[in-house]
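Colleague: need a 3D model of the following:
(chains A and B)
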Amino acid sequence: MPATRLSAVVALLVERQRAGEEAHALCLVAAEVIVVDGAAVSLVSPEGALTVVCCGTTRARDLMDAELTTGEGPCVDAARTRRTVVEVDVLTAATSRWLGYNALAREIGVGGVFAVPVKVGSVRIGVLGLYRDEPGPLRDDQWSDVYLMAAVIGRAILALQAGASPGMLAAALERDGASEVTVHWACGMLAVQGTVSVSDALVILRSHAFATGVTLAGLAARVVANETHWDADRLAWADGSW
Amino acid sequence: MTRESLVVATLVELADNLVVDFDVIDLLILVSRRCVEVLDVDAAGVMLAAPTGELQFVASSSESMKILELFQIQADEGPCVDSYRSGETVANHALSDPDERWPHFTPRALALGFAAVHSVPLRLRGRTIGALNLFRREPGWLDETDVMYAQGLADIATITILQHQTAVDASLLNDQLTRALESRIVIEQAKGMVAAAMRCDVDQAFARLRTHARNHNLGLTAVAHSVVSGAVRVDELDS
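Modeller: Model prediction:
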């Protein structure tokens, strides 16, 4: 009975929110209700770019970093296709899908990853990503809870945004997105340094982050700090200021 | 945003997807029963205001006559009436006779075997539509957690009742969210471009974008778009 589950979810949200911030509680409650090892919530821009709102665990954060770095993975796919995405075992996954992401997910050490679109009615809001430490599918009753949580999260996001001034993202939705701001800055800087578009700059940034085994946000921070830059003449990265 | 408002807002419009096929009374009975299960109380129930402003009993944790009577005696006075009228929680009120506050309600409630009462208003965005009443047989206090749960459950009740009346305009809000996301991305990218081109930090880059926007009576997002798309070169920006 959805109403029973709903009241349980709300009771949990109330309890978790006492301890900390609102958006973070959504991730904690999602993992707890669905009984998985971690959850992350992202917003989706009109172009399909993810903005991470909250990560319930360090691993969830690492997995979202892996998606942002490689530009692929369950949340990216769910955002793009607006469909549920399931990978029950990243270790034995078909190699054709998410080559880069799977490699990083294996390093992080997770089993199964899942993502569902967060919608209100037909309106696309974001993506709920989930992972399990062990491989294996979710049960039917877990899937019911996944969709229930996605519905709750959609409304919670709109509710949080309702308090914001026009044109601004609500502060509660911004807290985890600090690293993405750095990525946007770095893209702008790289676009100027390499005389490329900002979207090409993101591709250059991503491939270098993946190739050197750092996160996209980590590389972006170095670009912003002038510790490294893209040398357009040599089409290569160089240490130091531009 | 407070905990209360998040819980409330989370549930706004859940109605059409999740509880649309539920009988409102059934759900309120469930909420009342849940109160007795999770809180340190012996009876719970919901009273709603009729259009005339009079409170009417709608659901309780038990259908026993003793419990129903607790609500029926509250037509004119009692904890439900007080929290409904004031919009405030009536917390941990120990019943004792004689009672100047509720001269009719209190002796009847004591006679029915209850010793303490608590009432949470059903409120949404400044509007009060009724109250959730909690009764204890033994004197004693509800703790902070109990009160918080009671409020959460009262919020569920409120949303359920208002589901057909109240709707946040989801698509309007999402348009705003989408625009905010898009603006932020493009403004941050433009800041990076200005910072790299002018060899300045991002704060100075932002100041430059804002100065240009003000001088030309343009929105910051519009200026950022021009920079990112290449329509305006960074060195063309006012300093």
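
Colleague: okay, domains of chain A per the record?
Modeller: Using automatic domain parsing, the domains assigned to chain A come out as A:2-162, A:177-239.

Colleague: any chance of these in TSV, plus mean pLDDT and distance to residue B:78?
Modeller: For the C-beta atoms, the positions are set from N, CA and C on the backbone; glycine is no exception. Below are the domains of chain A laid out as TSV (pLDDT from 0 to 100; distance: least, CB to CB, whole Å):
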stretch	mean pLDDT	distance to residue B:78
domain A:2-162	87	26
domain A:177-239	89	49
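
Colleague: return the most buried member of these.
Modeller: Stretch with highest mean neighbour count among the domains of chain A: domain A:2-162 (a mean of 20; mean count of other CB atoms under 10 Å in any protein chain shown).

Colleague: so does it get close to chain B?
Modeller: Yes - using CB under 8 Å from any CB of the partner chain, domain A:2-162 comes into contact with chain B via A:2-4, A:6-7, A:10-11, A:13-15, A:17-18, A:22, A:43, A:45-47, A:49, A:51, A:120-121, A:123-125, A:148, A:151-152, A:155-162.

Colleague: list the backbone torsions phi and psi for the residue in chain B positioned nearest to chain A.
Modeller: Proximity to chain A, evaluated over chain B using CB to the nearest CB, is greatest for residue B:192 at 2.3 Å. Backbone torsions for residue B:192, taken as degrees, to the nearest 10, come to phi -60, psi -40.

Colleague: same thing with residue B:195?
Modeller: Dihedral pair for residue B:195: phi -60, psi -40, per degrees, to the nearest 10.

Colleague: just residue A:195 next, same as before
Modeller: Taking degrees, to the nearest 10, you get phi 50, psi 50 for the backbone angles of residue A:195.

Colleague: so what's the residue of chain B closest to chain A up against?
Modeller: Counting by CB atoms under 8 Å, 6 or more residues apart in numbering or on different chains, residue B:192 touches A:184-192, A:224, B:202, B:205.

Colleague: what do you get if the cut-off is 6 Å, keeping everything else the same?
Modeller: Taking CB atoms under 6 Å, 6 or more residues apart in numbering or on different chains, we find residue B:192 in contact with A:185, A:188-189.

Colleague: with residue A:73 instead?
Modeller: Contacts were defined as CB under 6 Å, 6+ apart; by that measure residue A:73 touches A:67, A:98, A:101.

Colleague: I'd assumed residue A:66 was in contact with the last one.
Modeller: In other words, residue A:101. Yes - using CB atoms under 6 Å, residue A:101 is in contact with residue A:66, at 5.5 Å.

Colleague: which residue does chain A have closest to chain B?
Modeller: Counting by CB to the nearest CB, chain A gets nearest chain B through residue A:188, at 2.3 Å.

Colleague: skipping adjacent residues, who's closest to that residue in space?
Modeller: Leaving aside its chain neighbours, residue A:188 sits nearest to residue B:192 (2.3 Å; criterion: CB to CB, 6 or more residues apart in numbering or on different chains).

Colleague: which helix or strand contains residue A:124?
Modeller: Per DSSP states H and E: residue A:124 is located in strand A:123-132.

Colleague: what pairs with that strand, parallel or antiparallel?
Modeller: In the sheet, strand A:123-132 lines up against strand A:38-44 (antiparallel), strand A:112-120 (antiparallel) (DSSP bridges).

Colleague: same list (the ones you listed) but as a markdown table, adding distance to residue B:110.
Modeller: A markdown table is the format used below for these (distance: least, CB to CB, whole Å):
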| stretch | distance to residue B:110 |
| --- | --- |
| strand A:38-44 | 49 |
| strand A:112-120 | 48 |
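
Colleague: quick one, strands of the chain?
Modeller: Using chain A here. A:38-44, A:50-55, A:85-87, A:112-120, A:123-132, A:228-231, A:236-239 (DSSP state E).

Colleague: I was thinking of chain B, sorry if that wasn't clear
Modeller: Counting by DSSP E, residue ranges of the strands within chain B are B:43-49, B:55-60, B:90-94, B:116-124, B:127-136.

Colleague: contacts for the fourth one next, please.
Modeller: Counting contacts by CB under 6 Å, 6+ apart, the residues outside strand B:116-124 that touch it are B:79-80, B:83, B:87, B:89-91, B:93-94, B:128-136, B:139, B:142, B:150-151, B:154, B:157-158, B:162.
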